[in-house]
Every structure is written in structure tokens, then in C-alpha cells.
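K.L.:
everything below, folded, please.
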Amino acid sequence: MKLLKTSVAAALAMACMAPAMAANVDVYGKANLGLRYVDEGNDPATPEEESGYSDVKSYASRFGVKGDADLGGKLKAVYKMEFEVDMSDKKDSKDNHIKGRNQYVGLKGGFGTFLLGRNDTMVKQSQGKLDLYSDHEADIKSLWEGENRSGNSLTYKSPKFADMAQFGLTYITEGSSDKDAKDGFSLALMLGDAKLKKQMFYAALSYDSEVDGMDIIRALGYAKFAGFRLGLGVQTQEESEVAPGAKSEDYMGYLVNGQYKIGDVALNLQFQTMEGKDGAKDNDPFIVTGGIDYKLGKMTKARAYYTMLDVDTDAKDDDKDYFTLGIVHKF
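P.N.:
This next block holds a predicted model:
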């Protein structure tokens, strides 16, 4: 905890010094909060009991410092220190309200970019802007594996070829805390523009091997035209290792979403699923979210959405409904 506080203090000190330093230092962040009502469904054993509650939720609000320094010969040093901040303290909570996100240092040049430290794996990075409800209840990590932020990692990203194609690789060392851990890697091939500015489409194919105990293949893409934006993702996943004699189970999931913009209003709809064991069709978990975003300014928007989470399995019944009104401000 002392180390975390020291790191936060260092980041804040750099933020204060930023105006006096070079213009390539960027202090940034995002405040993302929502007032929500959560309906957890009635317990069949006690149907008379109330199953819902309301609260204020902080959705991965964050702040950070990032920048680069010219080393000459078209070579730059690059760095980032980013922290998540829980802006909705819970009474008697013992959780840390500040924790580390992507934090690394590296080199960038004509060869591409090498980064050393804690960073999103390439499978996670290659998601781009597919997920319309990232960091919220319908974040794709709710059903899919592969949304990993790994410490002890080395990341390489190639330059963009023809301003179109890019390759990335994450190598994750086994570390020293887990004797059973193994080195893993995550790679991705990306085409187009994830922000849909230079090109009107984006697509990616990515693969995890031995990352957080999983092997994953993910393919996705999205494009916009005439005010519409449509997206599709497919993923297969299985455990990297199983006990001797046990059968390795493959799981497959799908995600489809759409957005339509009318002036400052965006209408969103997203559906995601992941097959149950052996592809059983009677207990496949799924998430459906529909909502409206309203642009209040260049860096601010209001959100209203409803999420239905159905994750019934043979082991548990975990249906939930979320009604949320929120605001997101970037700086």
C-alpha cells in the first residue's frame, strides 16, 4: 500500500510539473459515474424478500500521466502511469480506492514500439472500440475471457503498414510468485482504424496462449455508414491445461451490436453470449443492453441504459437487471 501511495504521489507531482516541462507530457483522465438500480431477482426460497437496491457506481474512473522524450535519431522514450479511482466509496469498505492500470516505459522508432511493464495484452487491445459498454455491467469481460492486463510483460507493436495494417505481440513472463505459472503470449493482427476516422472500418484477429490459464481465439470487426455503426465479434476459449484424464472443453461466444447517431444522440443496442458446457443450449448465459447517449460537450456525455444479465447455469441462478443514469467526462 505504501508503494502504491508513493507511485500516486509521484504521478501527481509529475502532473503539477507538467506545464513547466516539455509539451509532450499529457495529464489525462476520465470520471465515469452512474446512479443505478439493481434487480437481482427473487430467491425462490424467500420470494417475499426485496431483491433490488440502488447505488452510485464508479465505472473504472481514472487519471494518468503519459508522454515521450526525443532521444535523437528518430528514437523516442515513451511512458505511461495510469491509476483507477473508485469515486463512489462504499460504507465500511476495506477495498483500495486507487489501483494501478497500464504502467510502462519503452522505446518507439521506425521499428515500432517496445513497452516494458504492466499493460493490456494484445487480445484486449485488439478489441478497439467494439464494446459499446466497456467498463460497465455489459463489458465483454462479463462473459468472455481474454480481457487481461498483465504485469511482467513485454509488448511489441509494429508500425502501421500503408496506414492500414499493424501487428502486435505481448510476452508475459511466468513471474516468481506461482511455481505452476508458465510464460504466455498474446498476439494480434489489426486492419483499419479503431477510431473510424481515417478508415470507416476496423477488423482484428487475435490469439492468447497460456495467458491467465486460457487459450483464446478472437475475431471481430465493425464499420460505420450513413449514421449507422455495426459490430460483430466471435470468440473460442478453453483452459490451457486440464487434469490428467479430464476432457478439455471448448466454449464459443458471439457479440453483435449497433449504434445509430442522430445529431448529439446515439442509440445503442448490444447482445453477447457464451455457450455453456458441451454447447448446451438450455443454459447459455447472455447479456442484452440497450440505451441512449447524449453528447453534452466535446468531452462530456450523459448515458441512460438498461442491461439484462442472464447467467443461469447448473450451479447457480445469477440473473440481474440494471437501470442506470450516468455521466462521463474526459479530461
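K.L.:
switch to C-alpha atoms for all contacts and neighbour counts from now on
P.N.:
OK.
K.L.:
the strand ranked longest in the chain: what's the following helix or strand?
P.N.:
Longest strand in the chain, counting residues (DSSP state E): strand 25-39. Using DSSP states H and E, the next helix or strand after strand 25-39 towards the C-terminus is strand 52-58.
K.L.:
next, the angle from that next one to strand 25-39.
P.N.:
Strand 52-58 runs at 180 degrees relative to strand 25-39, counting by axes from the mean of the first three to the mean of the last three Cα atoms, to 10 degrees.
K.L.:
what comes up buried for strand 52-58?
P.N.:
The neighbour-count check on strand 52-58 (16 or more other Cα atoms under 10 Å) flags 56-58 as buried.
K.L.:
gap between residue 295 and residue 262?
P.N.:
As for residue 295, its distance to residue 262 is 11 Å (criterion: Cα to Cα, to the nearest Å).
K.L.:
residues in contact with whichever strand or helix holds residue 267?
P.N.:
Assigned by DSSP H and E, residue 267 belongs to strand 265-274. Residues outside strand 265-274 that contact it (Cα atoms under 8 Å, 6 or more residues apart in numbering): 132, 140, 143-144, 251-261, 284-295.
K.L.:
what strands line up against the helix or strand just after it, and which way round?
P.N.:
Later in the chain than strand 265-274, the nearest helix or strand by DSSP H and E is strand 286-297. Here strand 286-297 has these sheet partners by DSSP bridges: strand 265-274 (antiparallel), strand 300-310 (antiparallel).
K.L.:
want to throw those strands into CSV with mean pLDDT?
P.N.:
Shown next, in CSV, are the strands paired with strand 286-297 (pLDDT from 0 to 100):
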stretch, mean pLDDT
strand 265-274, 97
strand 300-310, 96
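K.L.:
reformat these as a markdown table; add mean neighbour count and distance to residue 99.
P.N.:
Shown next, in a markdown table, are the strands paired with strand 286-297 (neighbours: other Cα atoms under 10 Å; distance: least, Cα to Cα, whole Å):
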| stretch | mean neighbour count | distance to residue 99 |
| --- | --- | --- |
| strand 265-274 | 20 | 28 |
| strand 300-310 | 19 | 24 |
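K.L.:
could you export those as CSV, including distance to residue 149?
P.N.:
Converted to CSV, those look like this (distance: least, Cα to Cα, whole Å):
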stretch, distance to residue 149
strand 265-274, 21
strand 300-310, 24
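K.L.:
so which of these gets nearest residue 70?
P.N.:
strand 300-310 (32.6 Å; Cα to Cα).
K.L.:
what sits up against the very next helix or strand once past the closest one?
P.N.:
Per DSSP H and E, the first helix or strand lying C-terminal to strand 300-310 is strand 320-330. Here strand 320-330 makes contact (Cα under 8 Å, 6+ apart) with 28-41, 137, 299-310.
K.L.:
I'd like to know which helix or strand in the protein has the lowest mean pLDDT.
P.N.:
helix 2-17 (a mean of 51; mean pLDDT, DSSP states H and E).
K.L.:
show me where the stretch 201-331 of the chain dips below the pLDDT cut-off.
P.N.:
243, 245-247, 276-283, 312-318 (pLDDT under 70).
K.L.:
what residues are up against residue 39?
P.N.:
Residue 39 sits in contact with 51-53, 320-322, where contact means Cα under 8 Å, 6+ apart.
K.L.:
tell me which element the closest residue to residue 190 other than its chain neighbours falls in.
P.N.:
The shortest distance from residue 190 to any non-neighbouring residue, by Cα to Cα, 6 or more residues apart in numbering, is to residue 204 (4.4 Å). Assigned by DSSP H and E, residue 204 falls within strand 201-211.
K.L.:
can you list contacts of that strand?
P.N.:
Contacts of strand 201-211 (Cα under 8 Å, 6+ apart): 122-123, 126-127, 146, 172, 182-194, 196, 214-224, 240.
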